[in-house]
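*Asks:* Take a look and give me a structure for this.
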Amino acid sequence: MKLSNFLSTAALLATTLASEDPDPSPASELASESSPSAADADPSPWASLWTPSSLSAYTTPCRASTTFKTEIYTLAEMYPTLKTWAPELKVFYNKVEYPGSWDGVDLHGEKRELLKMQLADVPEGVRTWLREHEFQRRYSVQGDVVFFAPGAMYPLLPLWVDEPGNSVCEGAFEDLENYGRELTDGGVVASVSHRSSGKNEVEITIEAMLLKLKEEKDKHAELKDEL
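*Replies:* As a prediction, the model looks like this:
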């Protein structure tokens, strides 16, 4: 699935953050469940459509990963912790589709999650994308801080990874049209994992790979080695 389909799938499956009805709680407005949930159509719309074992038919001439820590909050924790940014978050996400949490899973209501990250810590590839898409509605940039749902990372995963400094990898992760959820010859796939590293802190690891379909002679050589 190419990026164009990737994004249109998100638009169809994602839920809205805001309610049509007034609510005295700003956090409750952001957490509204008045629209259908992404989970109603697909419980994990961003999950990879490949497994490590299915990679055996490919080589990965370019493979890189990155690990970083950032802050994570549920919408219930917005006040008072994020009260400085909450008013603008409310405006930014008003009637905007929620892209989901990890794998696009929607936890619903005030259990929905937002990541908070220093803009300077965001990889250059992602910052460039943000500059080129100033009207996007998935990353709320407020001064030197940026907020986004975990699900907002998935369409841009290769941009979160620094390319190794060799000719094979040059530009490999820049063209998002080559990136998708399925394995293809010459395509790019990526994965993300996370673990809690403290209260309101999460450690995230992202890996991206450029794929090349193995030739028959390579497959025969591997089979011979196994025998």
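*Asks:* buried residues in stretch 68-85?
*Replies:* When neighbours are counted by 16 or more other CB atoms under 10 Å, the buried residues of stretch 68-85 are found to be 70, 71, 72, 73, 74, 75, 77, 78, 82, 85. The way it works is simple: take the backbone N, C-alpha and C, and place the C-beta from them, glycine included.
*Asks:* Over to stretch 175-186?
*Replies:* 176, 178, 179, 180, 181, 183.
*Asks:* from those, which is closest to residue 165?
*Replies:* Each of the buried residues of stretch 175-186 was scored against residue 165 by CB to CB, and residue 178 proved nearest at 19.7 Å.
*Asks:* Could you check how far that closest one is from residue 115?
*Replies:* Distance, residue 178 to residue 115, by CB to CB, to the nearest Å: 25 Å.
*Asks:* where along the chain do the strands fall?
*Replies:* Taking DSSP state E to define them, one finds strands in the chain at 15-16, 58-74, 97-98, 113-118, 139-142, 145-148, 188-198, 201-213.
*Asks:* roughly how far out does stretch 88-108 sit from the chain middle?
*Replies:* 12 Å (CA atoms, centre = their mean, to the nearest Å).
*Asks:* hmm, back to that, including pLDDT and distance to residue 213, could the buried residues of stretch 68-85 go into JSON lines?
*Replies:* Listed next are the buried residues of stretch 68-85 as JSON lines, based on pLDDT from 0 to 100; distance: CB to CB, whole Å:
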{"residue": "70", "pLDDT": "98", "distance to residue 213": "35"}
{"residue": "71", "pLDDT": "98", "distance to residue 213": "40"}
{"residue": "72", "pLDDT": "98", "distance to residue 213": "37"}
{"residue": "73", "pLDDT": "97", "distance to residue 213": "42"}
{"residue": "74", "pLDDT": "95", "distance to residue 213": "42"}
{"residue": "75", "pLDDT": "91", "distance to residue 213": "44"}
{"residue": "77", "pLDDT": "92", "distance to residue 213": "46"}
{"residue": "78", "pLDDT": "89", "distance to residue 213": "47"}
{"residue": "82", "pLDDT": "95", "distance to residue 213": "46"}
{"residue": "85", "pLDDT": "95", "distance to residue 213": "46"}
